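>>> After the sequence you'll find the predicted model.
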Amino acid sequence: MEEKNKLTMEKLVTHCKTTGIVYPGSDIYDGLANTWDYGPVGVELKNNIKKVWWKRFIQESENSYGVDAAIMMNPKVWEASGHVASFTDPKMDCKSCKARMRADNLIEAYSKGETDVDAMTNEEMEAYINEHKVKCPICGNFNWTPIRQFHLMFQTSRDITGDSNDVIYLRPETAQGEFVNFFNVQRTARAKVPFGIGQIGKAFRNEITPGNFTFRTIEFEQMEHQWFCKNEEQGFKYYEEYKKEAMDFLLDLGFNKEHLNYKDHEKLAFYAKAACDIIFKYPFGWNELNGIHYRTDYDLAQHQEYSGKNLFYIDPMTNEKYIPHDVEYSIGADRLTLAVLCEFYDEETLEGGDTRIVYHFHPAIAPYKVAVLPLQKNLGEKAREIYKKLSKRFMCTYDESGSIGKRYRRQDQIGTPYSITIDFETLENETFTVRDRDTMEQVRMTVDELIKYVEEKIMF
Ligand code: GAP
């Protein structure tokens, strides 16, 4: 397996489990495939990632508005969107061990991401797998059924009448919650096209996956933003702008641009005029991080047809009447958290030959901003007093067990940017040492100085 920053997926999974970042879902029952639970450290990291995304794409965008739509929607939504008819994956079953696999994932893994599966038909994928004798990653046999299409939407039922009309779906994307609220938002916010609607929320897909930790799970969160504009000319213009904004967001988080790239979709949905992914170099190879799609006026037009409601927008200046076009920017919160966990991991050899694992997270997304460490347990009272003051401003952690060196290492491996040590001088003059995670340099500060310093550093 390819290594990046000396990181393999096996190492990452172990590190995340032992440090409280991510645990296997339902762990004491031996897990449930493709589900993961965030621990005390991971939930902070993911929440911070969601916060900086929201700040960038909703708060700082004058014409963007947030929503939090219901996960369960009228089933007609999914007929209108096309999901009922065609949200499927090409699956193959291993006739030897009964493992169910996605044909495209098998090819991606076999070719280490070098083959463009997006551009392949089912027949081409089947031919590739047969020609290269791609084996089952579980049992090692080459004994596949032909490809069949497998539906990805989870269904449930309110079971009122027991007939099929009661079927409802767990949403497979958050986007439709933005589309169906287009007019509610436009009217209540008095928004003028162009404007945006975004949301962060859970989505569910009955994915068959070859693992890779949280990369592809059956329950995940999406951060999606729809930008509604007038026509095709604007659609192409904003598509290019969102490509850049999506990339800038990642670069501002500190991603190395050598680890990111654009990948245009070769096979476009019939209604889409342009689509691309930003791909990232994971330890298992290049793969999708997020998508940007120019979807034309398809979504609102479909909802107009299926709902029977008039979804035309009337320009208040010109009285022009039209169905707005949409540029979508969609990124998984879990997918981005995974990329962050891969990108900012490092193993360093220090002067004197000591080694440390360290996460160089941007302070804005670091799970804890400050660790409060009393030099000795009998300094606990003062240390707790300082912890209380600091934790009113930002997330802090407190640790008094083990040597100070061990405690610094513990904070390094969860990416805490500042560790403060309360010592006997603190009792005299209210100052403490502040150790910087990255440089490991130490300076003395008071609580007020530290608050000001940290608040500047965590601005994003
Ligand atoms: N509304 C468009 C849409 O849902 P998508 O490419 O299917 O497009 C968008 O998903 C993003 O959601 C992906 O780029 C990825 O970051 C994330 N994502 C999709 N499926 C996922 C899964 N099964 N597990 C984790 N993240 C997923």
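Looks like it arrived, so ask away.
>>> Mind jotting down where the helices sit in the stretch 151-300 of the chain?
Assigned by DSSP state H, counting those that start in this stretch, the helices in the stretch 151-300 of the chain fall at 175-180, 182-188, 232-252, 298-307.
>>> how about TSV for those helices, with mean neighbour count, distance to the ligand and mean pLDDT added?
For every residue, glycine as well, the C-beta is placed using N, CA and C. Below are the helices of the stretch 151-300 of the chain laid out as TSV (neighbours: other Cβ atoms under 10 Å; distance: least, Cβ to the nearest ligand atom, whole Å; pLDDT from 0 to 100):
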stretch	mean neighbour count	distance to the ligand	mean pLDDT
helix 175-180	23	4	98
helix 182-188	15	15	97
helix 232-252	17	10	98
helix 298-307	19	10	97
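>>> I'd like to know which of the ones you listed is closest to Pro316.
The closest of the helices of the stretch 151-300 of the chain to Pro316 is helix 182-188. By Cβ to Cβ, the value is 10.9 Å.
>>> Now do that closest one: which elements does it pack against?
Where contact means 3 or more Cβ pairs under 8 Å, 6 or more residues apart in numbering; DSSP states H and E, helix 182-188 is packed against strand 195-204.
>>> What residues does this structure have near the ligand?
Residues of the chain lying near the ligand by Cβ under 6 Å from any ligand atom: 173, 175, 205, 207, 216-217, 220, 222, 224, 288, 290-291, 328, 330-332, 334-335.
>>> picking that back up, can you put the helices of the stretch 151-300 of the chain in TSV and add distance to Asn141?
As requested, the helices of the stretch 151-300 of the chain are arranged in TSV below (distance: least, Cβ to Cβ, whole Å):
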stretch	distance to Asn141
helix 175-180	39
helix 182-188	50
helix 232-252	40
helix 298-307	43
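>>> Please name the residues that touch the residue in the chain that the ligand sits nearest to.
The ligand sits closest to Gly332 of the chain, with a gap of 2.9 Å, by Cβ to the nearest ligand atom. Residues in contact with Gly332 (Cβ atoms under 8 Å, 6 or more residues apart in numbering) are 220-223, 290.
>>> switch the cut-off to 10 Å
Listed by Cβ atoms under 10 Å, 6 or more residues apart in numbering, the contact set of Gly332 reads 203, 214-217, 220-224, 288-291, 338-339.
>>> Leu32: neighbouring residues, count only.
Residue neighbour count, defined by other Cβ atoms under 10 Å, stands at 13 for Leu32.
>>> my bad, should have said Arg384
Counted with other Cβ under 10 Å, Arg384 comes out at 15.
>>> which SSE is it in?
Under the criterion of DSSP states H and E, Arg384 resides in helix 380-391.
>>> What residues of that helix count as buried?
382-383, 386-387, 390-391 (16 or more other Cβ atoms under 10 Å).
>>> Check stretch 207-219 too.
207-210, 212-219.
>>> Also stretch 145-156?
Buried, per 16+ other Cβ under 10 Å, within stretch 145-156: 147, 150, 152-153.
>>> Which members of the residues you listed are the farthest-apart pair?
Checking the buried residues of stretch 145-156 with Cβ to Cβ, the most distant pair is Ile147 and Met153, at 19.3 Å.
>>> Same list, the buried residues of stretch 145-156, but as CSV with pLDDT please.
Shown next, in CSV, are those (pLDDT from 0 to 100):
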residue, pLDDT
Ile147, 94
Phe150, 90
Leu152, 94
Met153, 96
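>>> elements contacting the helix holding Arg384?
With contacts defined as 3 or more Cβ pairs under 10 Å, 6 or more residues apart in numbering; DSSP states H and E, helix 380-391 has these neighbours: strand 370-374, strand 396-398, strand 418-422, helix 424-429, strand 432-436, helix 447-457.
>>> quick one: which of those is nearest Val117?
It's helix 447-457; of the helices and strands packed on helix 380-391, that one is closest to Val117 (Cβ to Cβ) at 41.7 Å.
>>> Per-residue pLDDT of Glu79, please?
We have a pLDDT of 96 for Glu79.
>>> which residues sit in contact with Cys276?
Contact analysis of Cys276 by Cβ under 10 Å, 6+ apart lists 239, 242-243, 246, 261-265, 290-294.
>>> And for Asp116?
107-108, 263, 265-267.
>>> Closest to Gly196 out of the residues you listed?
Looking across the contacts of Asp116 and measuring by Cβ to Cβ, the closest to Gly196 is His265, at 21.8 Å.
>>> For the nearest residue in space to that closest one that is not next to it in sequence, name its beta-bridge partners.
Spatially, and ignoring its direct neighbours in sequence, His265 is nearest to Ala275 (4.1 Å; Cβ to Cβ, 6 or more residues apart in numbering). Beta bridges link Ala275 to His293, judged by DSSP bridges.
>>> quick one: Phe87 and Phe154 touch, right?
No: applying Cβ atoms under 10 Å, one finds Phe87 not in contact with Phe154, separated by 11.0 Å.
>>> Could you check how far the nearest residue to Val443 once chain neighbours are set aside is from Ala364?
In this structure, Val443 finds its nearest non-sequential neighbour in Val434, 5.6 Å apart by Cβ to Cβ, 6+ apart. To Ala364, Val434 is 18 Å away according to Cβ to Cβ, to the nearest Å.
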